[in-house]
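the amino acid sequence is not available; the structure is as follows:
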């Protein structure tokens, strides 16, 4: 009103203009209702514009609109309906990304590249806060999946790892990331005497993986492993003097790395903000359903889906389900077959400050069975340690996740449980690496406990040779008429899944 008065409009004219706006909005809202309602709105709009048209001399800049609506026969109710519909069709399609972990974040960047209006919904207080932040962050070359004799998981992990750097740079619109600033210390693979896969079997598996690696590099010169293309990925080496040689049979040195959670999260958050991705935090997705013709309150907005959250409801054109533990529930609501993730484990890890006592200890993965990892992130001055028999707090199969697990995953850990976990991890670390800290007396510096979910297939735990947990080769993308359900599988795989979605759907159909 103040802007209209600045042009010296009279109150009567202002009233007519307000009615024009209201009539326009009503016409839009009833566009997808009955013809009678829509024609009534258009009639009201024409009448109001006729009143303004009568004041031609005073408000000449309004005349093209008034003449068009009131005089031109081409602006019939039918043609205006077409105009409205075309306007809706030209507006950017809305995409709901369910889950703000690594998978949801890379999918959001992908859809922004194609001009979509993208919103991420996540129940945590920040993106990349839970599972994406509470594990070791390894970019798997496939070595840990030696118990999948078909090589399908190893091959899947290898391709995912080789596409990780280049595709993430593509999504971020940067020429090259300084991966040296992100990398952990290089991983050694320690093999206990009670490993379910022997040293010789591991070496045979590693050799096959290396062959797959060279085939990928030959087929696509753009591929690399975090910016490098080493000739050899592994070699068998003697045990280090600071590890327990009564527990470990042997060791392999590999070219495998983890990446810094801090660097990754900072980079992703900046990119999402700069590219205009909407982020709804502290927002739990409760339901996703298809909009139907019978639901009158949705007719004003021809979006295909309604996402119901703890903080409101949203109508969107496309839903990309990147939830971690909540993915299956949304799949079932939409009648989509659940392909993976019926096995859920709650697992802890220890994060702490790096100290000089650890300087001679490289990063380790202990294979194959219920063992663990130690990771050193030199550029962050941080370390991570997890020992599976202690850190695995529980496992359920095809059951609802207990509420207390959600609290733990969100960072609310009972004090007595945290003390027990810290003490047990400390004791195991000193047993495995007695050469650190002067005879098994090493103490973690500023340790804190983190917990998160691991999703996999199968009913048996990792100590069973025939457990499906040892496999990660199921179909990663399930699509049904604008709804995508993504099986994240591993941190490593997230950019690769975005790559697949782009190649299989966006490049072809722009849906």
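That came in fine, so what should we check first? The shown structure was predicted, so the numbers you read here are calculated from the model rather than taken from an experiment. Residues are numbered from 1 along each chain as shown.

can you name the next helix or strand after the strand or helix carrying residue 404?
Residue 404 belongs to helix 403-409 when assigned by DSSP states H and E. As assigned by DSSP H and E, the chain's next helix or strand after helix 403-409 is helix 415-432.

contacts for that following helix next, please.
If you take CB atoms under 8 Å, 6 or more residues apart in numbering as the criterion, helix 415-432 is touched by 243-244, 247, 348, 350, 366, 372, 374, 385-387, 390-391, 393, 436-437, 440-444, 447, 449. C-betas here are computed from N, CA, C, even on glycine.

now, which of the residues you listed lie within helices?
Among the contacts of helix 415-432, the members falling in helices (DSSP state H) are 390, 391.

out of the contacts of helix 415-432, list just those in strands.
Applying DSSP state E to the contacts of helix 415-432, the entries found in strands are 348, 350, 366, 372, 374, 385, 386, 387, 393, 447, 449.

will you turn these into JSON lines that also has neighbour count and pLDDT?
What follows is the ones in strands among the contacts of helix 415-432, written out as JSON lines (neighbours: other CB atoms under 10 Å; pLDDT from 0 to 100):
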{"residue": "348", "neighbour count": "24", "pLDDT": "95"}
{"residue": "350", "neighbour count": "23", "pLDDT": "96"}
{"residue": "366", "neighbour count": "24", "pLDDT": "97"}
{"residue": "372", "neighbour count": "24", "pLDDT": "95"}
{"residue": "374", "neighbour count": "25", "pLDDT": "98"}
{"residue": "385", "neighbour count": "24", "pLDDT": "97"}
{"residue": "386", "neighbour count": "23", "pLDDT": "97"}
{"residue": "387", "neighbour count": "24", "pLDDT": "96"}
{"residue": "393", "neighbour count": "16", "pLDDT": "94"}
{"residue": "447", "neighbour count": "17", "pLDDT": "97"}
{"residue": "449", "neighbour count": "20", "pLDDT": "96"}
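
which one among those gets closest to residue 224?
Using CB to CB, residue 374 comes nearest to residue 224 of the ones in strands among the contacts of helix 415-432, at 25.9 Å.

give me the below-cutoff pLDDT ranges for the protein.
1-91, 293-302, 338-341, 509-511 (pLDDT under 70).

if we use 80, what do you get?
Residue ranges of the chain with pLDDT under 80: 1-91, 131-133, 292-303, 337-341, 437-440, 472-473, 488-489, 508-511.

could you tell me the end-to-end distance of stretch 372-391?
9 Å (CA to CA, to the nearest Å).

touching it from outside, list them.
135-138, 181-185, 258, 260, 262-263, 347-354, 358, 361-366, 370-371, 421, 424-425, 428-429, 432-433, 444, 462.

if we can go back for a sec, centre of the chain versus the helix holding residue 404, how much separation?
20 Å (CA atoms, centre = their mean, to the nearest Å).

now do the buried residues in it.
Residues of helix 403-409 classed as buried by neighbour count (16 or more other CB atoms under 10 Å): 405, 406, 408, 409.

now for those residues, which pair is the farthest apart?
So, the buried residues of helix 403-409 by CB to CB: farthest apart are 406 and 408, at 7.3 Å.

count the neighbours of residue 292 for me.
By the measure other CB atoms under 10 Å, the count of residues near residue 292 is 10.

make that residue 129, sorry
Neighbours around residue 129, by other CB under 10 Å: 20.

what of residue 380?
16.

ok, the one 4 residues further on next?
Burial of residue 384 is recorded as 23 neighbouring residues (other CB under 10 Å).

over to residue 317?
18.

quick one: stretch 315-322 to chain centroid distance?
13 Å.

same check on stretch 111-130?
That offset, for stretch 111-130, works out to 8 Å (CA atoms, centre = their mean).

picking up where we left off before, now render the ones in strands among the contacts of helix 415-432 as a markdown table, adding distance to residue 500.
Shown next, in a markdown table, are the ones in strands among the contacts of helix 415-432 (distance: CB to CB, whole Å):
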| residue | distance to residue 500 |
| --- | --- |
| 348 | 32 |
| 350 | 34 |
| 366 | 31 |
| 372 | 31 |
| 374 | 32 |
| 385 | 33 |
| 386 | 30 |
| 387 | 34 |
| 393 | 33 |
| 447 | 38 |
| 449 | 35 |
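
coming back round to it: got the contact list for the helix holding residue 404?
Outside helix 403-409, the residues that reach it (CB under 8 Å, 6+ apart) are 130, 131, 134, 325, 346, 393, 394, 451, 452, 453.

identify the farthest-apart pair in the residues you listed.
Counting by CB to CB, the most remote pair of the contacts of helix 403-409 is 130 and 394, 16.5 Å apart.
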